[in-house]
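>>> build the 3D model from these lines:
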Amino acid sequence: MNFFSGKKVLVTGAAGFVGSHLTQRLVNSGAIVRGTLRKSTPLLEISGVEYINVNLEIASDCELSTKNIDYVFMCAANSSGAEVMTKTPLVHLTPNVIMNSQMLAASYANNVRKFCFISSNTVYPLTDFAVSEGDVTGDFFEKYFIVGWMKRFSELMCEMYATKISKPMPTLIVRPGNLYGPLDKYKKHESKVIAALIRRAYERENPFEVWGDGQDIKDFLYIDDFIDALLETFAKSGDFDVFNIASGMPVTIKEVLKDIIQISQNQDIEVKFDTSKPTMIPIRMIDISKIKKEISWKPKISIYDGLKQTYEWYSETYKDLNPEGQKI
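Purely as a prediction, here's the structure:
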């Protein structure tokens with residue numbers, strides 16, 4: 001996109017799932033990209049990117065990261081799967097609040113022209129309808145209470161910088177659906193549902209264990225579609241705005257599993273649903289009317305095609321060593 005050509009862009013969490021894909025796309029768009037790392041090496045190390053190892057819980061590191069930067073994409077986060085979020089939810093609170101608040105402060109001090117915060121659909125209450133951007137109430141699905149408030153408070157800080165001070169800094173908040181695709185977390189204690197199912201299918205797990213009863217309804221979005229939407233929305237949005245970025249097409253875990261079984265040619269496996277294992281919100285449908293209307297964006301990749309591309313990538317990437325680095 002010409003909008004980013006020649007611009008100095010910071011991607012925090014550049015070794016992560018969203019950060020890696022975003023960094024690559026920005027480089028392809030002609031941006032001058034700096035990416036922050038913390039205790040990790042990028043799965044996809046991109047030529048020409050200025051990688052810096054910093055701790056965004058330290059104010060001076062945030063100031064260093066944002067120096068001489070035009071645009072910031074705040075992708076860095078302390079995140080996990082359902083098991084960690086259920087058993088130790090506080091791990092998401094303090095580090096993320098500190099990182100988000102200090103990155104906003106440093107960006108403002110260094111005259112960043114626009115700041116994008118990657119929020120979450122956990123800010124919405126439990127509903128039986130597709131949530132739109134105005135449906136935030138301050139009520140959260142119980143297991144999301146801590147992470148939901150953390151994300152919501154960070155959103156409010158973005159709004160403060162953009163609308164509540166005399167010299168505002170434009171900010172954009174995006175609330176993704178459930179993202180999946182290549183470069184996601186596939187380690188057993190870190191992976192979310194699609195990553196976990198793809199790994200089990202590739203490893204020919206039998207019986208095939210699925211957490212919950214398979215009836216949970218989710219909105220899954222392939223990572224390439226998300227990055228497309230994120231960059232278009234950043235370029236076209238105003239001084240402060242909030243957008244859902246999702247597929248708008250809810251599916252059950254059972255439907256996803258059926259596709260993965262077909263793609264992996266695992267039709268003979270025995271599937272076991274374990275309702276004793278932790279699961280998350282039972283229904284999450286997301287309204288994408290606003291981004292369709294105002295940004296003229298809609299997803300291009302079907303759930304089946306996205307799963308197929310992801311499975312093929314996983315099969316090639318982990319054909320010799322599993323995600324923990326052990327020989328298969």
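>>> which parts of the stretch 101-250 of the chain are helices?
Using DSSP state H, counting those that start in this stretch, the helices of the stretch 101-250 of the chain run over 145-163, 193-202, 223-236.
>>> what lies in contact with the second one?
Residues lying outside helix 193-202 but in contact with it, judged by CB atoms under 8 Å, 6 or more residues apart in numbering, are 81-82, 178, 180, 184-186, 188, 191, 208-211, 218, 220, 253, 256-257, 260-261, 263-264, 266, 307, 310-311, 314-315, 318, 323. In short, each C-beta sits where N, CA and C put it, glycine included.
>>> make a ChimeraX selection of the buried ones in these.
Only the buried members of the contacts of helix 193-202 enter the following ChimeraX selection, criterion being 16 or more other CB atoms under 10 Å:
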select :81,82,178,180,184,185,186,191,208,210,211,218,220,253,256,257,260,261,263,264,266,307,310,311,314,318,323
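>>> filter the contacts of helix 193-202 down to the ones in strands?
Counted as lying in strands by DSSP state E, out of the contacts of helix 193-202, are Asn178, Tyr180, Phe208, Glu209, Val210, Trp211, Lys218, Phe220.
>>> out of the helices of the stretch 101-250 of the chain, deepest packed?
Sort the helices of the stretch 101-250 of the chain by mean neighbour count, taking mean count of other CB atoms under 10 Å, and helix 193-202 sits at the top with a mean of 22.
>>> flag the shaky bits of this protein, pLDDT-wise.
Of all residues in the chain, those with pLDDT under 70 make up the ranges 1, 79-86, 278.
>>> which ones are touching Asp259?
Applying CB under 8 Å, 6+ apart as the definition, the contact partners of Asp259 turn out to be Ile303, Tyr304, Leu307.
>>> oh, that last question was meant for Ala15, not what I typed.
By CB under 8 Å, 6+ apart, the residues touching Ala15 are Gly35, Leu37, Arg38, Ser40, Thr41, Pro42, Leu43.
>>> show me which of these is closest to Lys67.
When the contacts of Ala15 are compared for distance to Lys67 (CB to CB), Gly35 comes out closest, at 14.4 Å.
>>> ok so, going back, could the contacts of Asp259 go into CSV alongside distance to Met99?
Formatted as CSV, the contacts of Asp259 follow (distance: CB to CB, whole Å):
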residue, distance to Met99
Ile303, 32
Tyr304, 36
Leu307, 32
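>>> nearest to Trp297, out of the helices of the stretch 101-250 of the chain?
Going through those one by one, with CB to CB as the measure, helix 223-236 comes closest at 4.9 Å.
>>> quick one: list the elements packing against that closest one.
Packing contacts for helix 223-236, counted by 3 or more CB pairs under 8 Å, 6 or more residues apart in numbering; DSSP states H and E, involve helix 17-28, strand 71-74, strand 114-118, strand 171-176, strand 178-180, strand 240-245, helix 289-294.
>>> tell me the angle it makes with strand 114-118.
Here helix 223-236 runs at an angle of 150 degrees relative to strand 114-118 (axes from the mean of the first three to the mean of the last three CA atoms, to 10 degrees).
>>> pull the residues that contact helix 223-236.
Contacts of helix 223-236 from elsewhere in the structure, counted by CB under 8 Å, 6+ apart, are 1, 3-4, 17-18, 21-22, 25-26, 29, 71, 73, 114, 116, 172, 174, 176-177, 179-184, 243, 245, 247, 291, 294-295, 297, 299-301, 306.
>>> hmm, who's touching stretch 139-150?
The set of residues external to stretch 139-150 that reach it, using CB under 8 Å, 6+ apart, is 85-86, 89-90, 92-93, 96-97, 120, 122-126, 278, 280-281.
>>> identify the bridge partners of the residue nearest to Val242 when sequence neighbours are not counted.
With CB to CB, 6 or more residues apart in numbering as the criterion, Val242 has its nearest non-adjacent residue at 4.4 Å, and that residue is Ile173. Beta-bridge partners for Ile173, by DSSP bridges, are Phe117, Val242.
>>> circling back to that earlier point, restricted to helices, list the contacts of Asp259.
Of the contacts of Asp259, the ones assigned to helices by DSSP state H are Ile303, Tyr304, Leu307.
>>> ok, now which ones touch Tyr318?
The contact partners of Tyr318, by CB under 8 Å, 6+ apart, come to Tyr186, Arg199, Tyr202, Ile328.
>>> same question, Ser101
Applying CB under 8 Å, 6+ apart, one finds that Ser101 lies in contact with Ser154, Met157.
>>> any idea how far Lys258 is from it?
As for Ser101, its distance to Lys258 is 43 Å (criterion: CB to CB, to the nearest Å).
>>> repeat for Gly138
Taking CB to CB as the criterion, Gly138 is separated from Lys258 by 37 Å.
>>> done for today, thanks.
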